[in-house]
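Engineer: Kindly return the folded structure for what I paste below:
(one chain, ligands or ions: 1)
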Amino acid sequence: MFDNYEVWFVTGAQLLYGGDAVIAVDAHSNEMVKGLNESGRLPVKVVYKGTVNSAKEITAAFKAANNDAKCIGVITWMHTFSPAKMWIHGLQELHKPLLHFHTQFNKEIPWETMDMDFMNLNQSAHGDREFGHIVTRMRKPRKVVVGHWQDPQAQAKIAVWMRVAAAWADAQDMLIVRFGDQMNNVAVTDGDKVEAEMRLGYHVDYMPVNNLMKYYDAVSDADTKEMVAVYFKEYDHDAALEQEGTEAYQKVYNSAKAEVALRRLLTETGAKAFTTNFDDLGEFDQIPGLASQRLMAEGYGFGAEGDWKTAALYRTFWFMSQGMGKGCSFLEDYTLNFDGARSAILQAHMLEVCPLIAEQKPKLEVHRLSIGIDSETARLVFTSKPGEGVAATIVDMGNRFRLIVNKVECIASKPLPQLPVASALWIPQPNLEVGAAAWILAGGTHHTAFSYDLTVEYLEDYAEIAGIEMLVIDEHTTIPEFKKELRMNEIYYLLNKALV
Ligand code: MN
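Structural biologist: Numbers count the residues shown, from 1 in each chain. Below you'll find the predicted structure:
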């Protein structure tokens, strides 16, 4: 799934130690990269790009990384001492994500045989600090991973960063199509689309719903029926739903037609995400919620009510977590359930929850929905799996984007016989009182991208690469400390532009 991507491995050294050292550094680097690739723990192939011994070589390597479409990031490691002024021009050039791997070829010191030559050749403890200084001095974002290159924990940290770097590359080429505008008067889903493109990479376009209606009108009866057959095959449903000529069947049929139309438009425009607005649905007979549910499961970003920031974040979540298995969704905070330490928030939307998070086989049902278009409406109904995950949102603070991440625990919901929509029920960490208070103080949305597979580390790497603010609400959060962080960040982001 990340087969088209590469991460480059660049080893730092200098020529002070002679030709034998150059040969040894190169041989060690080759062996390490081979070992990393053969570990089976890295989702992206590592390509050794040689040892760099001078400013010219460093700059050339980083310029090449910038210009190579397959290269999604660079790993650097200083085998010997590599005077860091040599790295200044190269680092000024580098626009791809950077990971500094503080490792060493040999795992342990060879106590009995170690001499001065060995120490000069194997001085990462020395060289990586020199390199780290200049990266910090230049205020360059990067991830630092410390550990022996064969250590599964160090490899796991590299794997996280690789998935994030891949999603970052994906976002730099992301078109988000908005059918309709923001829902009128809603503040939190709006924001600066120019700044978003400069900072986060993706491009947001408006698309008249009439364009989508042209696709809708052009979908053939045969193509629609083929999609309807897929629904009946993949999902539980009442047998009566298959009865042609009934209103319920017609609603399923029209939903299938909407899905075919949406997918065609997204494919032809190359869009990776889309938003809808239930106040602006053209000639649709019902909200195309079933289509949104299924397109999310395919990896298309989705945001309701014109929420392009969450649509982009969902796409990024899906992209990062490909093949990890437990699933992700766009979700919306709806209703609270106060129950002591188990107090929780019901997550749903009118319809648009991704079936990847379903615990049981989703059921295809048709019920009346009065919001937007008052109509019988097809949808997939299910509840989410139990388990831990992360919920995240990005808000526009006026002078910066803020990523807010909350660790949550999904718990079993009681049956909701009168609410036939997909839903999740979660306890925010550390508990509802602190978790929700911190989220509200941070200005977080009622929309989130949610994942069972991702951890805070993924979002930390994402915020680092993007250079945006990140606030984490987890088991350690207390309101007084969180408020301090909010105040400190206000000052930091005011001063930051003056520093960099
Ligand atoms: Mn909403």
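Engineer: going forward, measure contacts between C-alpha atoms and count neighbours the same way
Structural biologist: Fine.
Engineer: Show residues contacting the one helix or strand W439 maps to.
Structural biologist: Assigned by DSSP states H and E, W439 belongs to helix 432-441. Contact with helix 432-441 is made by 341, 343-345, 404, 406, 428-429, 473-474, 477-479, 482-483, as judged by CA atoms under 8 Å, 6 or more residues apart in numbering.
Engineer: Now intersect these with the helices, please.
Structural biologist: Counting by DSSP state H, those place I479, F482, K483 in helices.
Engineer: buried residues in the helix holding W439?
Structural biologist: L432, E433, V434, G435, A436, A437, A438, W439 (16 or more other CA atoms under 10 Å).
Engineer: go on, stretch 67-79?
Structural biologist: Buried, per 16+ other CA under 10 Å, within stretch 67-79: K70, C71, I72, G73, V74, I75, T76, W77, M78, H79.
Engineer: Which ones among the residues you listed map onto strands?
Structural biologist: C71, I72, G73, V74, I75, T76, W77, M78 (DSSP state E).
Engineer: Quickly list what the fourth one is bridged to.
Structural biologist: Taking DSSP bridges, one obtains W8, L98 as the residues bridged to V74.
Engineer: which residues sit in contact with D238?
Structural biologist: Taking CA under 8 Å, 6+ apart as the test, what D238 contacts is E365.
Engineer: Look up how far P420 lies from it.
Structural biologist: Relative to P420, D238 is positioned 14 Å away (criterion: CA to CA, to the nearest Å).
Engineer: just P362 next, same as before
Structural biologist: For P362 relative to P420 (CA to CA), the value is 11 Å.
Engineer: try L241
Structural biologist: From L241 to P420 the distance is 16 Å (CA to CA).
Engineer: Likewise for N37?
Structural biologist: Counting by CA to CA - N37 and P420 are separated by 47 Å.
Engineer: Ok, N122 next?
Structural biologist: 64 Å.
Engineer: Out of the contacts of helix 432-441, which is nearest to E268?
Structural biologist: I404 (33.3 Å; CA to CA).
Engineer: Counting neighbours, what do you get for the closest residue to that closest one other than its chain neighbours?
Structural biologist: Sequence neighbours aside, L471 is the residue nearest to I404 in space, at 4.9 Å (criterion: CA to CA, 6 or more residues apart in numbering). By the criterion of other CA atoms under 10 Å, L471 has 21 neighbours.
Engineer: quick thing: my sequence starts at 59, can you match it?
Structural biologist: Renumbered: residue one is now 59, and that last one reads L529.
Engineer: Report whether L529 is found in a strand, as I expect.
Structural biologist: Yes. Assessed with DSSP: H, G, I helix; E, B strand; the rest coil, L529 lies in a strand.
Engineer: wait, doesn't V203 sit right on L157?
Structural biologist: Yes. Shown here, V203 and L157 form a contact pair, counting by CA atoms under 8 Å, at 7.3 Å.
Engineer: and those two? which has more neighbours close in?
Structural biologist: Each of V203 and L157 has its neighbours counted (other CA under 10 Å); L157 has more, 23 against 20.
Engineer: Contact partners for A524?
Structural biologist: Applying CA under 8 Å, 6+ apart, the residues contacting A524 are R257, L258.
Engineer: picking up where we left off before, a markdown table for the buried residues of stretch 125-137, including distance to R322 and pLDDT?
Structural biologist: Below are those laid out as a markdown table (distance: CA to CA, whole Å; pLDDT from 0 to 100):
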| residue | distance to R322 | pLDDT |
| --- | --- | --- |
| K128 | 27 | 98 |
| C129 | 30 | 98 |
| I130 | 29 | 98 |
| G131 | 32 | 98 |
| V132 | 36 | 98 |
| I133 | 39 | 98 |
| T134 | 42 | 98 |
| W135 | 45 | 97 |
| M136 | 49 | 96 |
| H137 | 51 | 93 |
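Engineer: which ones are touching M220?
Structural biologist: Contacts of M220 (CA under 8 Å, 6+ apart): V65, L100, P101, V102, G131.
Engineer: Distance-wise, check it relative to Q162.
Structural biologist: 20 Å.
Engineer: the domain parsing of this protein - what is it?
Structural biologist: Each domain of the chain is listed here as a residue range: 64-229, 233-557, per automatic domain parsing.
Engineer: Give me the three-state assignment for W169.
Structural biologist: Strictly by three-state DSSP, W169 counts as coil.
Engineer: Ramachandran angles for it?
Structural biologist: Here is the backbone geometry of W169 (degrees, to the nearest 10): phi -50, psi -40.
Engineer: and what of L348?
Structural biologist: Per degrees, to the nearest 10, the backbone of L348 is at phi -60, psi -40.
Engineer: Let me know the pLDDT of it.
Structural biologist: The score at L348 is 97. That number is its pLDDT.
Engineer: what's around it, how many residues?
Structural biologist: Applying other CA under 10 Å, we find 25 residues neighbouring L348.
Engineer: first vs last residue of stretch 338-352, how far apart are they?
Structural biologist: Per CA to CA, stretch 338-352 runs 21 Å from first to last residue.
Engineer: What residues sit buried inside that stretch?
Structural biologist: 338-340, 342-352.
Engineer: circling back to that earlier point, out of the contacts of helix 490-499, which end up buried?
Structural biologist: So, by 16+ other CA under 10 Å, the buried ones in those are S401, A402, I403, I462, N464, P486, Q487, I531, D532, T535, F540.
Engineer: bridging residues for the fifth one?
Structural biologist: By that I understand N464. Going by DSSP bridges, N464 forms beta bridges with A449, I531.
Engineer: I'd say it and D532 touch.
Structural biologist: Yes. Between N464 and D532 there is a contact under CA under 8 Å: 6.0 Å.
Engineer: Common neighbours of the two, please.
Structural biologist: In contact with both N464 and D532: Q487, G493, using CA under 8 Å, 6+ apart.
Engineer: one step back: what is in contact with D296 and P478 at once?
Structural biologist: E423.
Engineer: Okay, the closest residue to F396 other than its chain neighbours and L477: tell me how far apart.
Structural biologist: Spatial nearest neighbour of F396, chain neighbours left out: A402 (6.6 Å); criterion: CA to CA, 6+ apart. Look at A402 and L477: by CA to CA, they are 17 Å apart.
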